[in-house]
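S.K.: only the shape, not the letters, is given here:
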């Protein structure tokens, strides 16, 4: 059986982005190297009491899955979720350093005009405006600054959707990771239906979608939509699963389809994070967004610490589906997907119950998922799960 690393390489992707990290090794890490986002001096105005933050991200290959679903069903609304995916990948990263208001957002969309209609663009652009408008009721103000929409069919097979965000904020309001021995980790569920969501959220974010798409979906899509995958991918790795996008599946007590389960929009935690930082900032030692790197993301932001996660959430149905279809090792699943919680706050144990109560007021399940110990041999993590104990 092909191992996980070979399968990723065969599809032209990387689970750990080693080449990217190697490329930026040695570059300036900003004012606070352990901060979740790079923080710059106040270049905009030169005020030493302020700082600047700029962040860019995309919906990744989730757009390829949206393309398939749209072509199969004619449902244009799927593109609304893609806009949210790309925006949240920016905003929730910035939220980890305390930047949760007065953010400027600009889009960058590259499409193959022969395949992606103007109606698709309209749905993406209008849904971005709707998402931003919805955050206002939580006193989170995002300003859309336009962007670039380019017809680049020679280099983009279907469509790529990204955003760049910029904020200027007071340094005293920053949350800088300073995770300490004795801290506990409060995890916030990625699945369910938050009070500000309109339907059940499977917990799927924007990471691992190349694997999820090809490992879960049926090979018949390869012949129908050859434009939806990279043509140099070995055929046995192209749509090698059993499922159709429209196959029914039960998740969270609700019947949905495989396509909708995988395309569930990336949940934003900003309404919850804003309240948490307002109420408990002195007791918070770190905020981690479990995106690239999955449950091991925090390893990039600690020094000489051992993170022990021994009380994780039960694996949501979407990750059960991916693991069953792909036969990916559970150790790798925890390193690629959030597996049940995508946001976590490191804090003093004295406020953990209050953070959990605050989360549940937004109808987001939360619990203490682990703790922090010292380490004499660098940064490491232990995940104790029903599927084994894994060391990273």
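M.R.: Nice, thanks for sending it over. The structure displayed is predicted, hence computed values, not measured ones. Residues are numbered from 1 along each chain as shown.
S.K.: can you show me the strands along the protein?
M.R.: Assigned by DSSP state E, the chain shows strands spanning 39-41, 50-58, 103-111, 142-151, 159-170, 184-189, 248-251, 254-257, 284-289, 305-309, 341-347, 366-374, 380-385, 388-391.
S.K.: listing partners with orientation, what would you give for the last one?
M.R.: Read it as strand 388-391. Using DSSP bridges, the strands paired with strand 388-391 are strand 380-385 (antiparallel).
S.K.: list of residues touching the partner strand?
M.R.: With C-beta atoms under 8 Å, 6 or more residues apart in numbering as the test, strand 380-385 has contacts from 295-296, 298-299, 306-310, 312, 330, 334, 389-392. Every residue, glycine included, has its C-beta placed from N, CA and C.
S.K.: hmm, try it at 7 Å
M.R.: 295-296, 299, 306-310, 312, 330, 334, 389-392 (C-beta atoms under 7 Å, 6 or more residues apart in numbering).
S.K.: look up phi and psi at the residue lying closest to residue 192 once chain neighbours are set aside.
M.R.: Leaving aside its sequence neighbours, residue 192 sits nearest to residue 365 (C-beta to C-beta, 6 or more residues apart in numbering; 6.0 Å). The phi/psi pair for residue 365 (degrees, to the nearest 10) reads phi -60, psi 150.
S.K.: need the buried ones from the contacts of strand 380-385 selected in PyMOL.
M.R.: Entered in PyMOL, the line below selects the buried ones among the contacts of strand 380-385, by 16 or more other C-beta atoms under 10 Å:
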select buried, resi 295+296+299+306+307+308+309+312+330+334+390+392
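S.K.: and the contacts of strand 380-385, which two are the farthest apart?
M.R.: Maximum pairwise distance in the contacts of strand 380-385, criterion C-beta to C-beta, is 20.3 Å, between 306 and 330.
S.K.: residue 197: neighbour count?
M.R.: Using other C-beta atoms under 10 Å, residue 197 is surrounded by 16 other residues.
S.K.: give me the nearest residue to it, chain neighbours excluded.
M.R.: Among residues not flanking residue 197 along the chain, residue 267 sits closest, at 7.1 Å (C-beta to C-beta, 6+ apart).
S.K.: wait, isn't that neighbour in contact with residue 200?
M.R.: No - using C-beta atoms under 7 Å, residue 267 is not in contact with residue 200; the gap is 11.0 Å.
S.K.: who has more neighbours, those two?
M.R.: Using other C-beta under 10 Å, the more surrounded residue of residue 267 and residue 200 is residue 267, with 28 against 17.
S.K.: and that one, how far from residue 191?
M.R.: Note on residue 267: its distance to residue 191, by C-beta to C-beta, to the nearest Å, is 8 Å.
S.K.: same thing with residue 311?
M.R.: Distance of residue 311 to residue 191, given as C-beta to C-beta: 17 Å.
S.K.: residue 177 too?
M.R.: Distance of residue 177 to residue 191, computed by C-beta to C-beta: 25 Å.
S.K.: now do residue 244
M.R.: 22 Å.
S.K.: just want to know which of these two has more residues nearby.
M.R.: Legend: neighbour count by other C-beta under 10 Å for residue 244 and residue 191, higher for residue 191 (27 against 16).
S.K.: from memory that one sits against residue 316, does it?
M.R.: Yes - taking contacts as C-beta under 7 Å, residue 191 lies within contact range of residue 316: 4.2 Å.
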